[in-house]
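K.L.:
only geometry, no sequence info:
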């Protein structure tokens, strides 16, 4: 292949990628002439070059696409169909280019289908028939240029001329390719001629100057072979090493005569290193370039509206890293679009905006770059993942119950793990996420998931800026030095024989107390022996613990000595040693010694296997804590204080135009979703605004809704809830400390009757018919929370704080016809209570029971079924509870009544 | 087979080959000179935990990290006495450099086909896999080692 062709291939591929991205932008902003001109110019360049290089197939195709774009420029309306068509054409161009690259010649084949479609579209309102002469002129031009080898200068000049398609109408394909259907020849003429007559005069000077500026810009950059850069990088790495060695020697000698030049050498080397590194740095936007197109196509294919927001595209990272994350990123964005974002119907039903959003952001953080892929879709179905994990035998039920949600979510990184109900052409085959994880870990990166059912999923990828040189902590274990990548190191702790910083053991597994939490510890020497058991025999009394974090997993690595941090050049492990998971590579230190670079990911896995007991118990504690005590609250400001309400009760948060608030009989109302919704201030001190915007927290139940007027929505907080009950105010349940702020917890049941007189009291009117429900929950907070909900659902509510209390009430109050019980209670659990009821037999034994649980797993479902519990409802699922009660109502309740 | 280094002599002229001789215990082995890059004293070996037994560790050879493997272990012989002298041969395979640690290095021999014999079939299986030929020399035998075979280990463990 000759150089000219190779250059053309590289350049065209880049141009096509740019056009791809630009077209998607253009579709959203069809009036943007700058984008259009850019697209037009790029396609024109490709077409022109094809002509010179004798690539008829490419040329005809590019030509047809150009024609259609020419129409856009003339004001032809931009439709989604036409953009799709051009995108399809670009894909074909890319395919031909790929074949060209592989084979050196243009592949045989016909593009008549696309060309016809393009022509049909560009001819749609083809009124402005143009004078033919323009085409004739070009024909001669074409004939002059085509034969003979084109010199570089000529080509250059031709490019310059070709830039302004206005002055130089496109080349008609007819003379070049005989197989082109005849009608095509007619097509270019009108499109090309129109601008000549209308636009050329005024647009010409402007374009020329812009062109000239661009040309000047281009001259400042040159293309350099990647291998040259790589070689340069290697040489600089060697230089850095040699410099380090020299510095080490200088440290040992007192001879100051070469200290100064050495210092200078050191500086220059550092600058050189920076400079060379810069040549390798590219904005991450390069890896994102294809994504708008991918999302657009998916959006059309899956018929959901998806918007891709990209933030921080200018964030730079190493070219090599960029290449490696390109595919994983594309894969993850596809996944988010396919699985993450719900269908439009589902979204509207869930009260979300019809169009989903995928947000891609990148930012620097220390020596790493963080990339987030966040969608506002349905979130991961952790229940399904748990089930699937058991089905596939990846984890046992017992394991799962100890796992935190974020660990459960990580199962999606297992090979062949897909919970998608339907396998689509886009994804759902369960291939991919495991590869994504492997790819990211292979470059020393880490990936984490945060997901919230119904709210969306966020993947966070943390990767080193560059693979070549990293900052590492040099440590010593069993007389040998190792390098630990700084990225994984959180802190260092010195071991003491006595006191807080000592190593303790749980069944032989070493752990350490670190700020009131247990940290599983593994000694580096025992890892290196490959024998976890032997080394734990004696408790270490000296040394250091390197606290490392990989994803959510935190662990300590016990080492004998910690030296210093050093910039090290990562050299790959020998192929004979690559299978050892503990090492990420090796390097040469300043003193010339070879040291091994420890791979934190590999150690994290070993820690999980070897010291499982200590680690698992910690996770279990965490999970238990989360299930029992953590609540998600919406925090807002009202009446000069922070207030919060459980997010589960909130239907929606609204910002309304205060001017739309109407006053009826002294009560504020607003038209909301075609109905009148009463507004109630969250605090007497709140003044309902008359202008500007007003924040509302909307609660709804069935077809009734109420707007709680607040001053400002502050935050959504997931926190430990320790409510202190206050008795003197009926609008508050109590107060709690959230994120360090004293916050009032609002009692929604106080406001509901204020909005609708009959909300809570209404159903009480036919009192005799109302069934009585016994709510059993150890937490006063939840009892207070659920009582108004249950009352609103039409029940008389009795409450019990423990299983004993519940049994007592059941025996004494014959009116109780249904029991709602929390499963997780201290002492006798909900299951124990139900078991006792069933054992008791008679009326109490037959009562329908709905169980509330923080975690619903298959095991609890089986258990619940055995006790003939009617339904299991997640603790915060208010509407689920009401629905479950509704189902009961139809049959067993009637029998009870 | 891997391309030899640049200073490789025209190997097959007149059917003669140059071999670097190395010693392990009493035995003498020959290595095709085209594959030999360096002869050096190994020092500052960094042990690699969990590595295959044959691998002694990593050595800094003029700024390159080379993987050192022990010929004794590769041949299933007992380790040499601690502190005993040793020499290393630098070999290249693919883009990597290996150091073959031996007891000593002897002269370079030019040997022709006339002294060459196939590997005797009664040889230990391990040796038979690694040897490509045997040359009859005055008073002793020279076993020619197949360097590619010598370096083909460890993959099974990796899998």
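P.N.:
Perfect, I can see it now. Model, not experiment: these values are computed from the prediction.
K.L.:
residues of stretch A:570-587 that come out buried?
P.N.:
Across stretch A:570-587, burial judged by 16 or more other Cβ atoms under 10 Å in any protein chain shown covers A:570-571, A:573-577, A:579-580, A:582-587. For every residue, glycine as well, the C-beta is placed using N, CA and C.
K.L.:
cool, stretch A:736-754 as well?
P.N.:
A:736, A:738, A:743-754.
K.L.:
Filter these down to the ones in strands?
P.N.:
Restricting those to those inside strands, with DSSP state E as the criterion, leaves A:736, A:738, A:743, A:744, A:745, A:746.
K.L.:
Relative to residue A:328, how far out is the spatially closest residue to residue A:678 that is not a sequence neighbour?
P.N.:
Closest residue to residue A:678 apart from its sequence neighbours, by Cβ to Cβ, 6 or more residues apart in numbering or on different chains: residue A:755 at 4.1 Å. From residue A:755 over to residue A:328 the distance is 50 Å, taken as Cβ to Cβ, to the nearest Å.
K.L.:
Neighbour count: those two, which is higher?
P.N.:
It is residue A:328, of residue A:755 and residue A:328, that has more neighbours when counted by other Cβ atoms under 10 Å in any protein chain shown, with 25 against 19.
K.L.:
could you say which helix or strand contains the more buried one?
P.N.:
Counting by DSSP states H and E, the element that carries residue A:328 is helix A:319-335.
K.L.:
residues in contact with that helix?
P.N.:
The contact list for helix A:319-335 (Cβ atoms under 8 Å, 6 or more residues apart in numbering or on different chains) reads A:226, A:280-282, A:284, A:286-288, A:290-291, A:294-295, A:298, A:308, A:358, A:360, A:371, A:373, A:426-427, A:432-433, A:435-436, A:439-440, A:442-443, A:445, A:459, A:461, A:463-468.
K.L.:
Quick check: buried residues in it?
P.N.:
Counting neighbours by 16+ other Cβ under 10 Å, one finds that the buried residues in helix A:319-335 are A:319-322, A:324-326, A:328-335.
K.L.:
which element follows that helix toward the C-terminus?
P.N.:
Helix A:319-335 is succeeded, C-terminally, by helix A:344-349 (DSSP H and E).
K.L.:
mind checking the SS state of the nearest residue to residue A:68 once chain neighbours are set aside?
P.N.:
Leaving out its chain neighbours, the residue that sits closest to residue A:68 by Cβ to Cβ, 6+ apart is residue A:122, at 4.3 Å. Secondary structure for residue A:122, judged by DSSP: H, G, I helix; E, B strand; the rest coil, is helix.
K.L.:
mind checking how far residue A:122 is from chain B?
P.N.:
Remark: distance between residue A:122 and chain B (Cβ to the nearest Cβ, to the nearest Å) = 53 Å.
K.L.:
Would you confirm that that residue contacts residue A:67?
P.N.:
Yes: under the criterion of Cβ atoms under 8 Å, residue A:122 lies in contact with residue A:67, with a separation of 4.8 Å.
K.L.:
got the end-to-end distance for stretch A:635-647?
P.N.:
Using Cα to Cα, to the nearest Å, the end-to-end distance of stretch A:635-647 comes to 9 Å.
K.L.:
buried ones in that stretch?
P.N.:
When neighbours are counted by 16+ other Cβ under 10 Å, the buried residues of stretch A:635-647 are found to be A:635, A:636, A:637, A:638, A:639, A:642, A:643, A:644, A:645, A:646, A:647.
K.L.:
closest point of the stretch 101-250 of chain A to chain B, which residue?
P.N.:
The stretch 101-250 of chain A approaches chain B most closely through residue A:238 (5.6 Å), counting by Cβ to the nearest Cβ.
K.L.:
Wait, a helix at that residue?
P.N.:
Yes: counting by three-state DSSP, residue A:238 is located in a helix.
K.L.:
about what we covered before: now the buried residues of stretch A:635-647 as a markdown table including distance to residue A:689, secondary structure and pLDDT?
P.N.:
Converted to a markdown table, the buried residues of stretch A:635-647 look like this (distance: Cβ to Cβ, whole Å; DSSP: H, G, I helix; E, B strand; the rest coil; pLDDT from 0 to 100):
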| residue | distance to residue A:689 | secondary structure | pLDDT |
| --- | --- | --- | --- |
| A:635 | 20 | strand | 83 |
| A:636 | 15 | strand | 85 |
| A:637 | 14 | strand | 83 |
| A:638 | 13 | strand | 80 |
| A:639 | 14 | coil | 75 |
| A:642 | 20 | strand | 82 |
| A:643 | 18 | strand | 85 |
| A:644 | 22 | strand | 84 |
| A:645 | 20 | strand | 82 |
| A:646 | 26 | strand | 75 |
| A:647 | 24 | helix | 72 |
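K.L.:
what's the closest of those residues to residue A:403?
P.N.:
Using Cβ to Cβ, the shortest approach to residue A:403 within the buried residues of stretch A:635-647 belongs to residue A:647, at 23.4 Å.
K.L.:
Can you pull the residues of the stretch 201-350 of chain A lying near chain B?
P.N.:
Taking Cβ under 8 Å from any Cβ of the partner chain as the measure of proximity, the stretch 201-350 of chain A contacts chain B at A:238, A:241, A:242.
K.L.:
what mean pLDDT does the strand or helix carrying residue A:263 have?
P.N.:
Per DSSP H and E: residue A:263 is located in helix A:259-280. Rounded to a whole number, the mean pLDDT of helix A:259-280 is 83.
K.L.:
ends of stretch A:677-695, how far apart?
P.N.:
Across its full length, stretch A:677-695 reaches 14 Å between end residues, using Cα to Cα.
K.L.:
For it, buried residues please.
P.N.:
By neighbour count, and taking 16+ other Cβ under 10 Å as the criterion, the buried residues in stretch A:677-695 are A:677, A:678, A:679, A:680, A:681, A:682, A:683, A:686, A:689, A:694, A:695.
K.L.:
same check, this time on stretch B:119-137
P.N.:
Of the residues in stretch B:119-137, those buried under the neighbour-count criterion (16+ other Cβ under 10 Å) are B:119, B:127, B:130, B:131, B:132, B:133, B:134, B:135.
K.L.:
Also stretch A:89-109?
P.N.:
In terms of neighbour count (16+ other Cβ under 10 Å), stretch A:89-109 has its buried residues at A:89, A:90, A:92, A:93, A:96, A:97, A:99, A:100, A:106.
K.L.:
This completes my enquiry, with thanks.
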